[in-house]
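Trainee: let's see this in three dimensions:
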Amino acid sequence: MAKSAVAGRQIGGLGAITRYQWLVFAVVWLGWTLDAADFGLYSLVLRPALTELLGGNPPLSQIGRVGGLLSMMGLLGWAVGGFVFGIYADYVGRVRALATSILIYSVFTAMQGLAQGTWDFALYRFIAGLGTGAELMVGIPLLAETLGETHRAKIAGCMMTGGALGTFLGAWTYGLVGGYGWRWVFFVGVVPALLLAVVRRRMIEPDRFGAVQERRQTVRAGQQVAEDDHQFMRFVPLQLFTPELRRNTIVGLLFGLGSLLAIWTTNIWLPTILSLMVQRGGITGADAVPFVSHGIMFWSLGGIAGYIVFGFVADMIGRRATISLWSAGTIIAGLTLYLGLSTYEPYYPIVLPIFGFFVFGTFSGFAIYLPELFPTHVRSTAVGFTTGTARVVTSFGPLVAGLMVGAFGGSFNNVTAFMTCFALLSIVAMLFGRETKDDGLPD
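Mentor: Numbering: from 1, shown residues only. Got it, this is the predicted structure:
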């Protein structure tokens, strides 16, 4: 059944890409889009939510401190969810893990709109993070294993556009319902639950994963298939540190650290920075909402282009060179945005999409490069571990940045510019990583 479904009728001039492969692409892409929309919505309403929950008119330093803590809880949830569900997906299947993750982040994103204080808000944020962190970490291996070798990098890059599109949709949603209050913005987060019907009825496990399950069952029955069966049956996370995989694991971890540290402080505080920038021009309150909304949209549109172009460039010049190029662009554009511009008009709307092109686009490397470093039986765990461990570290980034706001004289710009420079770690990772452009997806 699985083979016939995946080998279904082919579409147009895209060669080996079948109807079922397009379905998997659509589900993973849409799930990632809605994930990103959740974080976008959170960032957009963080300041008004904390203003209410903290009571009255708290100073920026307090908003920075508490907002950093809440953001840390969400990112910790991302880290734990990606790692735990990565292991879960390598043992019981990608599709089941994906469905569970969608249910979790749908329910608890909406629950944030019911928060009565910062502590229950933090709890809902953490549990929602478990689901959002799991969805992409499971979806990346699922898509990579479902697609053939042809156009895999390009299609994976297109799938990652969901990260920027979700931020765009979050800004658009904020523009529509933000005027009704921050709680209604979170209630929109229940929408992803509609994906569950498609996931549970139409999707099946990739043939590659089915082969792994068959081999495990054979070994458990006492039949040795190959000399490496003993190693193959070890607890999956331990296999990431065998001599064969240790270097790839470290490279993936450094790449995750660099790219995540560079973006998450921006993702959390950019709406606040935008509101402060337009405030300098005398625009405040509800009048500032369109400027903030449009600014995030500009940033996101640049990111959509960056995701797509990344896959084409990676097929031309290689994965390592492309990741290094996008990381360098992140640093240059980020420093220009945060330190080189003192007013919103006229250059902020121009630099925002350029910055988005690079800082978002780098993450196509997660969907293209990381699956090519690891074999099928550890792939989901490896993607979840390298990015999840990086998320544990980077989860403290917004908190530290929030605490540093006071030390930097209340300047979110200086702190966020500093955090953007951590993209250098991704460049360092590529100096030690192996090139996978001409390699097939390892079994």
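
Trainee: how about residues contacting stretch 330-345?
Mentor: 262-263, 266, 273-274, 277-278, 280-281, 291, 295, 347-348, 351-352, 354-355, 357-359, 362, 413-414, 416-417, 420-421, 423-424 (CB atoms under 8 Å, 6 or more residues apart in numbering). To be clear about C-beta, it is placed using only N, CA and C from the backbone, and glycine gets the same treatment.

Trainee: how about it: buried residues?
Mentor: Along stretch 330-345, these residues count as buried under the neighbour rule (16 or more other CB atoms under 10 Å): T330, I331, A333, G334, L337, Y338, L341, Y344.

Trainee: dump these to a markdown table, plus secondary structure.
Mentor: Listed next are the buried residues of stretch 330-345 as a markdown table, based on DSSP: H, G, I helix; E, B strand; the rest coil:
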| residue | secondary structure |
| --- | --- |
| T330 | helix |
| I331 | helix |
| A333 | helix |
| G334 | helix |
| L337 | helix |
| Y338 | helix |
| L341 | coil |
| Y344 | coil |
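
Trainee: report the contact partners of V392.
Mentor: By CB under 8 Å, 6+ apart, the residues touching V392 are L76, A79, V80.

Trainee: cool, E205 as well?
Mentor: E205 touches A2, G93, R94, V95, Q213, counting by CB under 8 Å, 6+ apart.

Trainee: what's the burial count for the fourth one?
Mentor: What it means is V95. By the criterion of other CB atoms under 10 Å, V95 has 21 neighbours.

Trainee: how about it: what's its closest non-neighbour residue?
Mentor: Nearest non-adjacent residue to V95, counting by CB to CB, 6 or more residues apart in numbering: M203, 4.8 Å away.

Trainee: list the residues that contact that neighbour.
Mentor: Counting by CB under 8 Å, 6+ apart, M203 has contacts L23, V24, V27, V95, L98.

Trainee: burial measure for the third one, as a count.
Mentor: Right, the one you point to is V27. Count around V27 with other CB under 10 Å applied: 21.

Trainee: what helix or strand does it sit in?
Mentor: helix 19-53 (DSSP states H and E).

Trainee: what does the last one give?
Mentor: When elements are assigned from DSSP H and E, L98 belongs to helix 94-111.

Trainee: which members of the buried residues of stretch 330-345 are the farthest-apart pair?
Mentor: With CB to CB as the measure, no two of those lie farther apart than I331 and Y344, at 22.1 Å.

Trainee: and L169, what does it touch?
Mentor: T33, A37, G40.

Trainee: between the residues you listed, which sits nearest T387?
Mentor: T33 (17.9 Å).

Trainee: residues near that closest one, how many?
Mentor: Residues near T33, counting by other CB under 10 Å: 22.

Trainee: that one reaches T167, doesn't it?
Mentor: No: using CB atoms under 8 Å, T33 makes no contact with T167, being 9.3 Å away.

Trainee: before we move on, back to that, tell me the phi and psi of the residue nearest to V95?
Mentor: According to degrees, to the nearest 10, the main-chain angles of M203 amount to phi -100, psi 150.

Trainee: correct me, but P48 touches W182?
Mentor: Yes: when contacts are counted by CB under 8 Å, P48 is listed as touching W182 (4.8 Å).

Trainee: okay, the two: which has more neighbours?
Mentor: W182 (24 against 15).

Trainee: can you pull the contacts of the more buried one?
Mentor: Applying CB under 8 Å, 6+ apart, the residues contacting W182 are V45, P48, A49, E52, G113.

Trainee: now do the SS call for G55.
Mentor: Classified using three-state DSSP, G55 is coil.

Trainee: count the neighbours of it for me.
Mentor: Counted with other CB under 10 Å, G55 comes out at 9.

Trainee: so who does it touch?
Mentor: G55 makes no contacts at all, as judged by CB under 8 Å, 6+ apart.

Trainee: okay, it: pLDDT?
Mentor: On pLDDT, G55 comes in at 78.

Trainee: quick check, pLDDT for the residue nearest to G189 when sequence neighbours are not counted.
Mentor: In this structure, G189 finds its nearest non-sequential neighbour in T109, 2.9 Å apart by CB to CB, 6+ apart. Per-residue pLDDT puts T109 at 86.

Trainee: who's in contact with T109?
Mentor: For T109, the contacting residues are D38, L41, A128, F186, G189, V190, P192, by CB under 8 Å, 6+ apart.

Trainee: kindly provide the distance from the first one to P353.
Mentor: Going back to what we said before, that points to D38. As judged by CB to CB, to the nearest Å, D38 and P353 stand 22 Å apart.

Trainee: ok, how many other residues are close to Y180?
Mentor: Y180, neighbours per other CB under 10 Å, totals 10.

Trainee: how many other residues sit next to R280?
Mentor: R280: 10 neighbours (other CB under 10 Å).

Trainee: also A26?
Mentor: 13.

Trainee: model confidence score at it, please.
Mentor: Confidence score, pLDDT, at A26: 86.

Trainee: residue ranges with poor pLDDT in the stretch 201-350 of the chain?
Mentor: For the stretch 201-350 of the chain, applying pLDDT under 70 flags the ranges 212, 216, 219-235, 284.

Trainee: go on, the stretch 51-200 of the chain?
Mentor: In the stretch 51-200 of the chain, residues with pLDDT under 70: 148-150, 196-200.

Trainee: show me the helices in it, by range?
Mentor: 60-92, 94-111, 118-146, 152-159, 161-177, 182-187, 195-202 (DSSP state H, counting those that start in this stretch).
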